[in-house]
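Enquirer: pasting the structure only:
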């Protein structure tokens, strides 16, 4: 499999008819280092079953988790009186 020439997106939503081609697209993304994010979704368009699967790079999850942890730490360090009277 050739190396991508541009930076990988942290998040992708792969969609399409529920065929072997769709499964191969997911398979290839997993081989590139992506992981499944959430459950797949399916709908029927009157002719075909259309499926969707979100995928993310593990580093993106780690970065997001770290950013949330930092934000929570910062909130815990705020002076409560500075927010007095605000909902």
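Expert: Alright, I've got the coordinates. Because the structure is predicted, anything quoted here is derived from the model rather than measured.
Enquirer: and for residue 22, the neighbour number?
Expert: 19 (other CB atoms under 10 Å). Quick note: C-beta positions are derived from backbone N, CA and C, even for glycine.
Enquirer: so which strand or helix has it?
Expert: helix 20-31 (DSSP states H and E).
Enquirer: residues in contact with the helix or strand following that helix: which ones?
Expert: Sequence order places strand 35-44 as the next helix or strand after helix 20-31, per DSSP H and E. Contacts to strand 35-44, defined as CB atoms under 8 Å, 6 or more residues apart in numbering, come from residues 11, 18, 26, 30, 49-58, 61.
Enquirer: still on that earlier bit, buried ones in the helix holding residue 22?
Expert: Buried residues in helix 20-31, counted by 16 or more other CB atoms under 10 Å: 22, 25-26, 29.
Enquirer: what is the orientation angle of it with strand 35-44?
Expert: Relative orientation of helix 20-31 and strand 35-44, computed by axes from the mean of the first three to the mean of the last three CA atoms, to 10 degrees: 160 degrees.
Enquirer: and residue 35, what are its bridge partners?
Expert: Taking DSSP bridges, one obtains residue 56 as the residues bridged to residue 35.
Enquirer: what is the neighbour count of it?
Expert: Neighbour count for residue 35, taken as other CB under 10 Å: 13.
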